[in-house]
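# Sharing a model prediction with you, sequence too.
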Amino acid sequence: MEGKFILFALLIFISSLIVEWLGVHKHWIFGNYGYGQTLGIKVEEIPLIIGVNWFLLIYSAGVLMQRTRIRSILIRVIVGAIILVLLDLIIEPVAQHFDYWHWANNIVPIKNYLDWFLVSGVMLFVFEKFGFRKQGIVAPVFLLVQFVFFMVLLAI
């Protein structure tokens, strides 16, 4: 189990950094954006914490969906991706305010949310294919904490 978990974490971490690189440098994914200084150490203008964050979000959403009674992998992936897009809707204004990242003309394009859905969906499908045994409640609670954290920041 540990080796499989580490492989999954590395796969999501590395693939998310590649996706973010394509977004920042080529604007192929998410739109025209760049990272500020708040998120720390960067490689090729991508903060390393972004890869960690993608892993935590995908794993948390995957475990949440795993804990539902939804039997269809496709439906779990779609619902999980929708949940992550809803989180991104809350994160975006906070992220710009705190210089996590910035968008061209300070406008978050619809493409960002569509691509969040697609990227999240692919990564959640990978989660499903890893076939983790049913996990505890900690990961879904982490996802809930993310929602609460960014909603509080949005409100202040």
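Looks like it arrived, so ask away.
# Every contact and neighbour count from this point should use C-alpha atoms.
Noted.
# what ranges do the helices span in this protein?
Listed in chain order, the helices of the chain (DSSP state H) span 2-21, 48-66, 73-97, 110-130, 138-155.
# winner for burial among these?
helix 48-66 (a mean of 22; mean count of other CA atoms under 10 Å).
# hang on, the earlier thing: so which of the helices of the chain gets nearest Gly34?
Comparing the helices of the chain against Gly34 with CA to CA, the closest turns out to be helix 2-21 (9.5 Å).
# outside of that closest one, which residues touch it?
29, 44-46, 48, 50-52, 54-55, 123, 127, 130 (CA atoms under 8 Å, 6 or more residues apart in numbering).
# rerun at 10 Å
1, 22-24, 26-30, 33-35, 43-56, 58-59, 119-120, 123-124, 126-127, 130-132 (CA atoms under 10 Å, 6 or more residues apart in numbering).
# Give me the most central residue, the chain.
Centroid check for the chain by CA atoms, centre = their mean gives Trp54 as the closest residue, at 3.9 Å.
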